[in-house]
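K.L.:
Generate a structure from the sequence data that follows.
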Amino acid sequence: MSEQREVSEHEKELELLYKQMDEVEKKMIALKQRWGAGDVQDYTLQGPEGPVKLSEAFGDQEFMVLVHNMGASCPYCTLWADGFRSIWEFIEKGVPGGKTKAAFVLTSPDAPDKQKAVADKRGWDFRMLSVQGTTLAQDLGYADDKGNYGPGVSILRREGGKIRRVARDYFGPGDKYNAVFSFFQLMPGSPSH
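P.N.:
The predicted structure follows:
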């Protein structure tokens, strides 16, 4: 016979906080969807085999997870991309029993040959395309006019002959797009508190 474990005050407080966080998270997601909404032009990006239209990068998917990466010079962007190595296929194929799936594409201002060299060295096998020579990063809010790039993600949807952004978010230390930060946050004295 198993005994029921008594729930501590700490666990009760955590349960309440998790419920509150869930409600806030739902509101934040709705805001990220409104903030990101808008038409996106069909940019011509550069891949290892040559030019690729953004619409072609969807393959047969309706949605695309378009990662805006700052390139090889950014150690944080490399950290995020290392994490994507283990999840990108689940995004493209869908999780078991799930219906949601999307093309996964990582973009950066690096030239395709530099992207390939970094990908080979780090074992990245997801699709990478260069935004070099385009205004995609600027137009979507991930670069300024001086060529300073910032990391984040756009969720794109192909609707008929149009591409629409249906959500967006920034990446930064402590975000939920890289699991390593969750472990660091649990450590006393972590600067990510």
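
K.L.:
What about the closest residue to G141 other than its chain neighbours, how many residues nearby?
P.N.:
In space, and not counting its chain neighbours, G141 is closest to R168: 7.1 Å by Cβ to Cβ, 6 or more residues apart in numbering. All C-beta spots, glycine's among them, are computed from the backbone N, C-alpha and C. When neighbours are counted by other Cβ atoms under 10 Å, R168 registers 22.

K.L.:
my read: D139 touches D39, true?
P.N.:
No. Using Cβ atoms under 8 Å, D139 and D39 do not qualify as a contacting pair, with a distance of 10.4 Å.

K.L.:
For the residue nearest the centre of the chain, give me its contacts.
P.N.:
Centroid check for the chain by Cα atoms, centre = their mean gives V153 as the closest residue, at 4.3 Å. By Cβ atoms under 8 Å, 6 or more residues apart in numbering, V153 lies in contact with V65, L66, V67, H68, R168, D169, F171, Y177.

K.L.:
Next, the buried residues of the helix or strand bottoming out on mean pLDDT in the chain.
P.N.:
Least confident helix or strand, the chain: helix 180-185 with a mean of 83, by mean pLDDT, DSSP states H and E. The neighbour-count check on helix 180-185 (16 or more other Cβ atoms under 10 Å) flags F181 as buried.

K.L.:
do the same with stretch 84-104
P.N.:
Judged by neighbour count (16+ other Cβ under 10 Å), stretch 84-104 contains these buried residues: F84, W88, I91, E92, K101, A102, A103, F104.

K.L.:
Hmm, the fifth one is touching D60, no?
P.N.:
No. At 10.2 Å, K101 and D60 do not qualify as touching, with contact defined as Cβ under 8 Å.

K.L.:
out of the contacts of V153, who's nearest G50?
P.N.:
Closest approach to G50 among those (Cβ to Cβ): L66, at 19.4 Å.

K.L.:
what bits of this protein have low per-residue confidence?
P.N.:
Counting by pLDDT under 70, the low-confidence segments of the chain come to 1-5, 191-193.

K.L.:
mind checking the longest helix of it?
P.N.:
Secondary structure of the chain per DSSP state H: the longest helix is helix 9-36.

K.L.:
hmm, who's touching the strand or helix carrying L45?
P.N.:
Using DSSP states H and E, L45 sits in strand 44-47. Applying Cβ under 8 Å, 6+ apart, the contact partners of strand 44-47 are 51-54, 57, 107, 111-112, 127-134, 136.
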